[in-house]
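S.K.: The sequence and its predicted three-dimensional model are supplied below.
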Amino acid sequence: MTEVRVGDRLRQVRLRRFVGREAELSLLRSALDADPPPFSVLYLYGPGGIGKTALLDRYAALAADAGRPVVHLDARRLDPSPRGLDMAVQNLPARGVLLLDTYETLAGLDDWLRESYLPSLPADVVVVIAGRSPPSVHWLADPGWQDLLRVVPLRNLSPPESREYLRQRGVPEASQEEILAFTHGHPLALVLFTDALRSDPTGVRTDQPDGARVSAPFDPRQEPDVVRALLTRFVTQVPSQRHRAALEVCAHTRVTTEELLAEALGGDDAPALFEWLRSLSFVEQGPDGLFPHDLAREVLDADLRWRNPEGYQRLHDAVRAAIVRRVHGSEGVAQQQALFDLLFLHRGSLLMRPYQDWQALGRVYAEPAAERDLPTILSIIDHYEGADSARIAEHWYRRQPEGFSAFRDVQGQLVGCHATVLLDQASPADLAVDPAARAAVEFARRYGPARPGEQITHHRFNISFATYQTVSPATNMFAVAASWHWLTRQRLAWSFVPVADPDYWQEMFRHLNFRRAPEADFEVGGRRYGVFAHDWRTEPVTAWLALMSRRELASDRHAAQVAAQPLLAPLIVLSEPEFDGAVRQALRDYTRPEALADNALLRSRLVVERAGAGQPVEALRALLREAAETLRANPRDERFYRAVHRTYLEPAPTQEAAAERLGLPFSTYRAHLGGGIARVVAWLWRRELAGPDPAA
């Protein structure tokens, strides 16, 4: 009777729990069944924990079942020299199968293996190499190996395969989706998280301050030991804290460039750090920059967040500030990519997770819709919304063609469209054509009329050709297109966004601080559309971005509720006459801070953005003085400055005394004062309309 060893039992258990990889298994079977085999070397590569060793175990069983001699080696246990490999393999017989795991440890032997050792083996031998990195360029450039080499990048298990694994391990269905969302089907992660769950099979946690036991679904963010185990698997050696910081930036961002590293981390070592990241087996390179394997990203990000919450917040803020600067400092496709990067920072929010296709960010781009695109766009609008909507879309295209964008995939195929209409430029005839425009204009008039020079935008049509308004790469692009309008238009008053299913999108717009505006709802062709709105004068872009930064990190329901609290009380929107009166009153109260505390300007965008977290009264005083000082830039206006200065900033006891000190007849003094006040009001009004940059 043959003695059964523990190792035999281990192999049986592993084989029984092996799931998926049908394409890879079929590839080896094709080599085992053919004479001669269609290839001599099968080269598998993928990051740590992707399942290379498990697949080689399965390959060993397949080869043994086919009656093939098998040599199965882990290169970590070999002397990394030609002699060491020869001794381990000895004489590989005809029809043998050599399985060589952890090939990255034999990097120094790569040339010898490719040029000397492997060509010396019998022609019907099959060699399987498995490592973290793809084959060197020398393999791919050799005409001979081009025919006899098969290269297979190992990916995560598919969702059905992952669920099958979890089912075999007895994981409750209620816990499976959360695990899959975190692991993305990464085999080692599935194993480790399953083991963690088995230690608490009911999903029971002691969460309450009084020690009460509560039932909760499995949450991988509450398993730091598992995360650290995964992190160790991915990152075996980090040279320094700077390298660790670069890795954390890479894990936190959609893509990492050398420029982003330099901005986020400072210092002059960004090129070296970027090259180091580029060398890691789990970091991939795309057209926009570097990005880590999905699970590596999740593990590294979760580890920093658990280990150092304050450091995580600082990293987030630094990365975010760099991306926002890039949004404002670029244009075209580069600006779109920066906006995708900004959108990606929302992926950790509990509320935002269902509303974007996070894996597809950047796969669709926008360009101005051309006349040749119009028939297709109108046909799709007709298909989803009806002929009346298509006619309205054509009307707006003829009136404002620059507002229409075509969404294209990487092959240049049209996959969606977006139209933003400027309602402040709409004529009565336009409003008569489009019920949506008419309802939005009425809403704005009721709740905050646009002042001279301010814009009202309506994101009128937002359509994915494949999915209409459900989540897709095209709806990702709509989020970017809309954000571009919100962040780059300096005099934006209102934004309106219509959707066919407002109940579904309610949570997302609440996260974005857009309020439901039923009075702006409309009906076209028998279909009803719900509208969300935002007044950018009561919450300017700077305040909105600060609020979004808080909400981006709200990874649980409690954090989301805390982050939902506004940073500032709502601002007020003053008409030009109201603003004029408030400035004149502020000048009269300049030397009396207690009186300035009641001035309406303290809740204007002008003062709130200047004050930040500081004192609004002092911010208002500083703005008044700054406005007066601008009068000194022109020698002809110096007289106006002297009148304002002597009347309000460093006032004489009376206006008569001010005129006397200035050596002016009282009537001349009054004329100079009136001219100075008018110029101060005009300068501040321009600032109120334009935002923090008066030149914008």
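M.R.: That came through, no problem. Residues are numbered from 1 along each chain as shown.
S.K.: I'd guessed residue 477 sits against residue 364; true?
M.R.: Yes - Residue 477 lies in contact with residue 364 (Cβ atoms under 8 Å); the separation is 4.5 Å. All C-beta spots, glycine's among them, are computed from the backbone N, C-alpha and C.
S.K.: Give me the neighbour count for the nearest residue to residue 284 once chain neighbours are set aside.
M.R.: Computed as Cβ to Cβ, 6 or more residues apart in numbering, the closest residue to residue 284 that is not its neighbour in sequence is residue 291, at 5.8 Å. Residues near residue 291, counting by other Cβ atoms under 10 Å, number 20.
S.K.: Name the SS class of residue 291, please.
M.R.: Secondary structure, DSSP: H, G, I helix; E, B strand; the rest coil: residue 291 is strand.
S.K.: Report the contact partners of it.
M.R.: Contacts for residue 291 (Cβ atoms under 8 Å, 6 or more residues apart in numbering) come out as 250, 254, 255, 256, 283, 284, 297.
S.K.: Out of those residues, name the ones that lie in helices.
M.R.: 250, 297 (DSSP state H).
S.K.: how many other residues sit next to residue 491?
M.R.: 17.
S.K.: my guess is it contacts residue 455, does it?
M.R.: Yes - Residue 491 lies in contact with residue 455 (Cβ under 8 Å); the separation is 5.6 Å.
S.K.: re earlier: if I look at the residue nearest to residue 284, how far off is residue 305?
M.R.: Counting by Cβ to Cβ, to the nearest Å, the gap between residue 291 and residue 305 amounts to 19 Å.
S.K.: what does the lengthiest helix in the chain contact?
M.R.: Longest helix of the chain, by residue count under DSSP H: helix 666-690. For helix 666-690, contacts defined as Cβ under 8 Å, 6+ apart pick out 451-454, 490-491, 574, 576, 579-580, 583-584, 587, 604-606, 623-624, 627-628, 630-631, 637, 639-644, 647, 655-656, 658-659, 662, 664, 694, 696.
S.K.: measure residue 545 to residue 454 for me?
M.R.: Noted for residue 545: a distance of 20 Å to residue 454, by Cβ to Cβ.
S.K.: Neighbour count: these two, which is higher?
M.R.: Neighbours per residue, other Cβ under 10 Å: of residue 545 and residue 454, the larger number sits with residue 454, 20 against 15.
S.K.: Check the gap between the more buried one and residue 108 for me.
M.R.: To residue 108, residue 454 is 67 Å away according to Cβ to Cβ.
S.K.: Would you map the helices across the stretch 501-650 of the chain?
M.R.: Chain-ordered helices for the stretch 501-650 of the chain, with DSSP state H, counting those that start in this stretch as the definition, fall at 502-511, 541-552, 557-563, 576-588, 593-596, 605-611, 616-629, 638-644.
S.K.: so the second one versus helix 502-511, what angle?
M.R.: It refers to helix 541-552. Here helix 541-552 runs at 110 degrees with respect to helix 502-511, directions being taken by axes from the mean of the first three to the mean of the last three Cα atoms, to 10 degrees.
S.K.: what comes up buried for helix 541-552?
M.R.: Within helix 541-552, the residues that qualify as buried by neighbour count (16 or more other Cβ atoms under 10 Å) are 541, 543, 544, 547, 548, 549, 550, 551, 552.
S.K.: between those residues, which is closest to residue 126?
M.R.: Out of these, the one with the shortest distance to residue 126 is residue 552. That distance is 49.8 Å, counting by Cβ to Cβ.
S.K.: Spit out the contact partners of that closest one.
M.R.: With contacts taken as Cβ under 8 Å, 6+ apart, residue 552 has the following neighbours: 316, 320, 345, 346, 348, 349.
S.K.: Please apply the same query to residue 574.
M.R.: With contacts defined as Cβ under 8 Å, 6+ apart, residue 574 is in contact with 582, 600, 601, 604, 688.
S.K.: show me where pLDDT drops low in the stretch 501-650 of the chain?
M.R.: Of all residues in the stretch 501-650 of the chain, those with pLDDT under 70 make up the ranges 555-571, 612-614.
S.K.: Swap in 80 and give it another go.
M.R.: 554-573, 605, 608-609, 611-614 (pLDDT under 80).
S.K.: what's the answer for the stretch 351-500 of the chain, then?
M.R.: Along the stretch 351-500 of the chain, the parts satisfying pLDDT under 80 run over 351, 359, 410-411, 490.
S.K.: quick one, helices of it?
M.R.: Read by DSSP H, counting those that start in this stretch, the stretch 351-500 of the chain holds these helices, from start to end of the chain: 374-385, 387-399, 428-433, 435-447, 473-488.
S.K.: ranking the ones you listed by burial, who's on top?
M.R.: Mean neighbour counts were compared across the helices of the stretch 351-500 of the chain using mean count of other Cβ atoms under 10 Å; the top stretch is helix 473-488, at a mean of 22.
S.K.: can you give me the angle that one makes with helix 541-552?
M.R.: Between helix 473-488 and helix 541-552, the angle formed by their directions is 140 degrees, by the same axes, to 10 degrees.
S.K.: what's helix 473-488 packed up against?
M.R.: Packing partners of helix 473-488 (3 or more Cβ pairs under 8 Å, 6 or more residues apart in numbering; DSSP states H and E): helix 309-329, helix 332-344, strand 364-368, strand 404-409, strand 414-422, strand 455-464, strand 492-499, helix 541-552.
S.K.: Any chance of TSV for the ones you listed, columns distance to residue 52?
M.R.: Rendered in TSV, the data for those read as follows (distance: least, Cβ to Cβ, whole Å):
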stretch	distance to residue 52
helix 309-329	31
helix 332-344	29
strand 364-368	33
strand 404-409	32
strand 414-422	36
strand 455-464	37
strand 492-499	45
helix 541-552	35
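S.K.: Compare the ones you listed and give me the one nearest residue 522.
M.R.: For the helices and strands packed on helix 473-488, distance to residue 522 was read as Cβ to Cβ. The smallest value, 7.3 Å, belongs to strand 492-499.
S.K.: Please enumerate residues in contact with that closest one?
M.R.: Around strand 492-499, the neighbours that count as contacts under Cβ under 8 Å, 6+ apart are 423-424, 436, 440, 443-444, 448, 450-451, 454-460, 462, 469, 482, 485-486, 505, 509, 514, 517, 520, 522, 529-537, 573.
S.K.: Could you identify the most distant pair in the contacts of residue 291?
M.R.: With distances taken as Cβ to Cβ, the most widely separated pair in these is 254 and 283, at 13.4 Å.
S.K.: Overlap in contacts, residue 477 and residue 364.
M.R.: Both residue 477 and residue 364 are contacted by 407, 416, under the criterion Cβ under 8 Å, 6+ apart.
S.K.: excluding its backbone neighbours, what's nearest residue 488?
M.R.: Distance criterion Cβ to Cβ, 6+ apart; nearest residue to residue 488, sequence neighbours excluded, is residue 328 at 7.3 Å.
S.K.: Next, count neighbours for the one you found.
M.R.: Residues contacting residue 328 under the criterion other Cβ under 10 Å number 11.
S.K.: do the same with residue 142
M.R.: A count of neighbours around residue 142, defined by other Cβ under 10 Å, yields 14.
S.K.: One more: residue 147?
M.R.: Around residue 147 sit 11 other residues, with neighbours defined as other Cβ under 10 Å.
S.K.: What residues does it make contact with?
M.R.: Shown here is residue 147, whose contacts under the criterion Cβ under 8 Å, 6+ apart are residue 39.
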